[in-house]
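1. Predicted coordinates and the sequence they were generated for:
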Amino acid sequence: MSEDKPVVSRWRRVGLHLLTVLLVLSVVVAVNVWRTRDAPAGVAPPIVGVLASGQQITLDEFRAQHAGRPVALYFWAEWCPVCRAEAHVVTRVMKDYPVLTIAMQSGSVAEVAQVLQKRELDWPTLVDADGAITRQYGLPGVPGLVLLDTQGMIRFVEVGYTTEIGLRLRLWWAGRF
């Protein structure tokens with residue numbers, strides 16, 4: 001006697017795949033929300049510091065240099081392997097959008113300048129030697145991204161690797177809405 005195997009309809013398989021994709025996306029979003037739970041909302045906290053070039057800068061000054069445009073704050077560290085892997089993404093996006101990078105716990109101004117030169121990174125980099133700015137932004141680690149809209153409001157906070165298309169889309173969104 002032969003048993004008839006139930007035939008799963010094509011639409012049911014498609015529905016199951018879509019459900020799986022939605023479940024994975026939900027988990028990714030939930031993990032990101034949990035990791036950035038301490039990040040501030042609303043107006044970006046003020047930043048005052050020294051760039052690796054030795055120049056004093058504030059976040060307000062940097063934003064004024066790029067008035068009417070969304071701004072990315074990219075938190076990284078010299079010792080972070082994921083940051084190294086993401087460096088090319090930041091460099092390419094920086095050609096089209098203003099990005100202020102912040103070197104967390106990566107040494108003195110001279111040491112950070114040396115790292116940038118060695119890695120051939122032409123980035124405006126604020127030195128956060130003791131991690132105070134990173135803590136002020138509630139980031140639990142690096143790499144981290146804080147995206148500000150044209151008014152200086154925080155629109156997105158991410159921790160971990162971000163793709164180029166993901167970063168560009170978030171900056172585009174922050175500049176439009």
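-> Thanks, I have it. Remember, it's a predicted structure, so these values are computed and weren't measured experimentally.
2. I'd like to know how far the nearest residue to Pro40 once chain neighbours are set aside sits from Phe75.
-> Leaving aside its chain neighbours, Pro40 sits nearest to Gly138 (6.0 Å; criterion: Cβ to Cβ, 6 or more residues apart in numbering). (Glycine included, C-beta is placed from N, CA and C.) Distance, Gly138 to Phe75, using Cβ to Cβ, to the nearest Å: 11 Å.
3. Comparing the two, which residue is more hemmed in?
-> Phe75 (25 against 18; other Cβ atoms under 10 Å).
4. Does the more buried one lie in a helix or a strand, and which?
-> strand 71-76 (DSSP states H and E).
5. Pull the residues that contact that strand.
-> 44, 47, 59, 62-63, 83, 86-87, 90, 93, 97-104, 106, 128, 133-134, 137, 139, 142-148, 152, 167, 171 (Cβ atoms under 8 Å, 6 or more residues apart in numbering).
6. which SSE is Leu100 in?
-> strand 99-104.
7. Sticking with the residue nearest to Pro40, tell me its helix or strand.
-> Gly138 belongs to no helix or strand, assigned by DSSP H and E.
8. Mind pulling the model confidence for it?
-> pLDDT, Gly138: 92.
9. Could you say which helix or strand holds Ile154?
-> strand 153-159.
10. Would you mind listing which of the contacts of strand 71-76 are buried?
-> Buried members of the contacts of strand 71-76, counted by 16 or more other Cβ atoms under 10 Å: 44, 47, 59, 62-63, 83, 86-87, 90, 93, 97-104, 106, 128, 133-134, 137, 139, 142-148, 167, 171.
11. What about those residues, which are in helices?
-> Secondary structure from DSSP state H places Leu59, Phe62, Arg63, Cys83, Glu86, Ala87, Val90, Val93, Ile133, Thr134, Leu167, Leu171 of these in helices.
12. Rebuild those residues as JSON lines, extending it with pLDDT and distance to Tyr161.
-> Putting those into JSON lines (pLDDT from 0 to 100; distance: Cβ to Cβ, whole Å) gives the following:
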{"residue": "Leu59", "pLDDT": "98", "distance to Tyr161": "24"}
{"residue": "Phe62", "pLDDT": "98", "distance to Tyr161": "24"}
{"residue": "Arg63", "pLDDT": "98", "distance to Tyr161": "26"}
{"residue": "Cys83", "pLDDT": "98", "distance to Tyr161": "9"}
{"residue": "Glu86", "pLDDT": "97", "distance to Tyr161": "6"}
{"residue": "Ala87", "pLDDT": "98", "distance to Tyr161": "11"}
{"residue": "Val90", "pLDDT": "98", "distance to Tyr161": "11"}
{"residue": "Val93", "pLDDT": "98", "distance to Tyr161": "14"}
{"residue": "Ile133", "pLDDT": "97", "distance to Tyr161": "21"}
{"residue": "Thr134", "pLDDT": "95", "distance to Tyr161": "17"}
{"residue": "Leu167", "pLDDT": "96", "distance to Tyr161": "10"}
{"residue": "Leu171", "pLDDT": "96", "distance to Tyr161": "16"}
